[in-house]
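Trainee: mind folding the following:
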Amino acid sequence: MRIVPVKSVPNGSLLGKTIFDNNGRLLFKEGMLLNSDILNRIKDSNISSLYIIEPYCKKEIQYMIKSTLERKFESFNFFDIVSQNLLNYVVNDELLINNLLDIKNMDNYTYKHCINVAVISLIIGIKLGLDEINLKDLFIGALLHDIGKLFIPKHIINKSSSLTSEEFQFIKKHPIIGYNYLKKNLKIDSQYTLIILQHHERIDGKGYPYNLNSAEIYYLSKIVSIADVYDALNSTRPYKVALCTNDVLTYISNNSGIMFDDKLIPLFVELAYHI
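Mentor: Numbers count the residues shown, from 1 in each chain. Modelled structure (predicted):
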């Protein structure tokens, strides 16, 4: 049994804990089958997350996540003892693989994006000579950097046209939402949650959600910020086509010292031609 954002609950799951209203009246009983109608009623009750009895067994989830990560490491021609150890750590941490499964159930593009950003960030971290503790925080924080999007309406996440200003303001909340979800709901107290909170901050202080300047941004968040933009610009979405690698690197280089840490950009540009 685990807690899941309502938007990410798969049809056919079973409710893990009975839900009561503020007056103690039973709304939804433990063990009931969760179909689209029931889930819509739960959403209408302003309930954002609930406990479910997992429809997949643990081994199925582990295999799903592990095979995805292995394929991505292989596609980047990068699979050493460090990455192998981190992969094993992730797939044996039930909380981590369940969070990744929630992201996959919500939106497969976001899931693949998180995998890409994590592997790219790890490659950068290894080239920088980071120690094992920092590499683990970097990898996990990058894997979960967009977990706050679980709570953003899917029609905004997958909108094929430009976002309205109101929609953009809503989606800009996902770093705070994801951070609070991990800290408050799942009781996670780790440095990697700072990556989730800060991955859209900019060196010039014009990022979000807190307009932090360079000195205030966690070093690992700066790495994930570069990997995040690189993969996003390299990807085709309903509202845009992917840029070629040269154009992406030109954009990133032109924003050195503005969006991105200028000490990291030369190393990243050198690596990018090999990933």
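
Trainee: what's the local residue count around Lys184?
Mentor: Per other CB atoms under 10 Å, the neighbour tally for Lys184 reads 9. Using the backbone N, CA and C atoms, a C-beta is placed for each residue, glycine as well.

Trainee: also Tyr192?
Mentor: Neighbour count of Tyr192, defined by other CB under 10 Å: 23.

Trainee: likewise the one 5 residues further on?
Mentor: Counted by other CB under 10 Å, the residues lying close to Leu197 total 24.

Trainee: how much space separates it from Ala227?
Mentor: Leu197 is 16 Å from Ala227, where distance means CB to CB, to the nearest Å.

Trainee: all helices of the protein, in order?
Mentor: 36-44, 58-75, 81-91, 94-106, 108-127, 132-143, 154-157, 165-171, 174-180, 193-198, 219-233, 245-254, 265-272 (DSSP state H).

Trainee: elements contacting the last one?
Mentor: This points to helix 265-272. With contacts taken as 3 or more CB pairs under 8 Å, 6 or more residues apart in numbering; DSSP states H and E, helix 265-272 sits against helix 108-127, helix 219-233, helix 245-254.

Trainee: same question, the fifth one
Mentor: Here helix 108-127 touches helix 58-75, helix 81-91, helix 94-106, helix 132-143, helix 219-233, helix 265-272, going by 3+ CB pairs under 8 Å, 6+ apart.

Trainee: again, but for the third one
Mentor: Applying 3+ CB pairs under 8 Å, 6+ apart, one finds that helix 81-91 makes contact with helix 58-75, helix 94-106, helix 108-127, helix 132-143.

Trainee: and if you look at the first one?
Mentor: On a contact count with 3+ CB pairs under 8 Å, 6+ apart, helix 36-44 meets strand 26-28.

Trainee: if we can go back for a sec, which one of the helices of the chain lies nearest to Leu186?
Mentor: helix 94-106 (6.6 Å; CB to CB).

Trainee: next, the angle from that closest one to helix 81-91.
Mentor: Here the directions of helix 94-106 and helix 81-91 differ by 80 degrees (axes from the mean of the first three to the mean of the last three CA atoms, to 10 degrees).

Trainee: which residues does helix 94-106 contact?
Mentor: Helix 94-106 is contacted by residues 2, 4-5, 7-10, 54, 56, 58, 61-62, 64-65, 90-91, 110-111, 114, 140, 143-144, 146-147, 149-150, 154, 157, 186, 188 when judged by CB atoms under 8 Å, 6 or more residues apart in numbering.

Trainee: pretty sure Glu167 is touching Ile156, no?
Mentor: Yes. Using CB atoms under 8 Å, Glu167 is in contact with Ile156, at 5.1 Å.

Trainee: Lys17 is nearest to which of the helices of the chain?
Mentor: Lys17 sits nearest to helix 36-44 of all the helices of the chain, at 12.3 Å, using CB to CB.

Trainee: how far off centre is the closest one?
Mentor: Computed by CA atoms, centre = their mean, to the nearest Å, the chain-centroid distance of helix 36-44 equals 25 Å.

Trainee: thinking again about what came up before, now the contacts of helix 94-106: which count as buried?
Mentor: Applying 16 or more other CB atoms under 10 Å to the contacts of helix 94-106, the neighbour count classes 2, 4-5, 7-9, 54, 61-62, 64-65, 90-91, 110-111, 114, 140, 143-144, 146-147, 149-150, 157, 186, 188 as buried.

Trainee: who touches Asn158 in this structure?
Mentor: Neighbour list for Asn158: Asp107, Tyr109, Pro238 [criterion: CB under 8 Å, 6+ apart].

Trainee: so which of those wins on neighbours?
Mentor: Neighbour counts for the contacts of Asn158 (other CB under 10 Å) peak at Asp107, which has 19 neighbours.

Trainee: give me the nearest residue to that residue, chain neighbours excluded.
Mentor: Ile157 (5.6 Å; CB to CB, 6 or more residues apart in numbering).

Trainee: need the pLDDT of that neighbour.
Mentor: Here, the pLDDT recorded for Ile157 equals 86.

Trainee: can you pull out the residues in contact with the lowest-mean-pLDDT helix or strand in the chain?
Mentor: Among the helices and strands of the chain, strand 2-5 carries the lowest confidence by mean pLDDT, DSSP states H and E, at a mean of 80. Outside strand 2-5, the residues that touch it by CB under 8 Å, 6+ apart are 13, 16, 48-52, 54, 94, 98, 102, 106, 150-151, 181, 185-186.
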